[in-house]
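# sequence-free structure coming up:
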């Protein structure tokens, strides 16, 4: 079964296409890397799927039903740069936000929900920072808090927008471990990712995007020199041992 299907999705900024007639499907239980050059529409794609920005056309289905009806099955980890880290709240409250889809926005979390959130923080090594203001956390710690919030959502389909940017090695390992655990549980994860060297190590599925999908499918089939050059133009080459080099940024 496909966890996600996108049909005829288009987005414009200032009358220019950011995404044009995007069509693809993602199988259940896959780790999918969304790969493409700067300005290719990778983050825009996630926001359009989640209805965080307006679209001019397109249909999004999650497990065969419209996204609007399946919203509770979807989790989201945004870019850290898009979060107001000065907002006066602590790590535990951020994680509890991930439970609102289950308990509602009006009800206050009970002891069971608080303990659930604490367990999520513990899973990413942040339980001792539960009462710490998020503005006082390091970049890697902030990202772990958002991972804990994603865990608290207990979703079936996760979107992660550049989760590895600006984090330490320990946090990167925590992210990879969490993605692999989600996959083992049959969950589906889509990740905007920039490091071409690690695509084959991290993802079993791949979407190559440059305003339109170039190819989408198993990484072993899709992540090839020909397809990467179609995606990035002439600014890419292979150095052997699956090493990829960008030329000119």
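Now that the structure is in, tell me what you want to look at. Here the structure is a predicted model, which is why all the values come from computation and not from measurement.
# Measure how buried residue 134 is and give me the count.
Neighbour count of residue 134, defined by other C-beta atoms under 10 Å: 21. Backbone N, C-alpha and C define where each C-beta goes, glycine included.
# correction: residue 222
21.
# Verify the stated contact: it with residue 215.
Yes - between residue 222 and residue 215 there is a contact at 4.6 Å, judged by C-beta atoms under 8 Å.
# Now the common contact residues for those two.
206, 207, 208 (C-beta atoms under 8 Å, 6 or more residues apart in numbering).
# Among the residues you listed, which one is most surrounded by other residues?
residue 206 (26 neighbours).
# List the beta-bridge partners for it.
With DSSP bridges as the criterion, residue 206 is bridged to residue 33, residue 217.
# where do the helices sit along the chain?
42-49, 67-70, 91-97, 100-103, 111-123, 139-153, 169-184, 199-202, 219-222, 225-232 (DSSP state H).
# Do you know the pLDDT at the residue lying farthest from the centre of the chain?
Distance from the centre of the chain peaks at residue 111, with 29.5 Å (C-alpha atoms, centre = their mean). pLDDT for residue 111: 84.
# do the one 10 residues further on as well
Confidence at residue 121, expressed as pLDDT, is 94.
# for this protein, which spans come out with low pLDDT?
100-110, 234-249 (pLDDT under 70).
# Could you rerun that using 50?
239, 248-249 (pLDDT under 50).
# who does the residue positioned nearest the centre of the chain bridge with?
By C-alpha atoms, centre = their mean, the mean C-alpha position of the chain lies nearest to residue 160, the distance being 1.4 Å. Applying DSSP bridges to residue 160 yields these beta-bridge partners: residue 77, residue 191.
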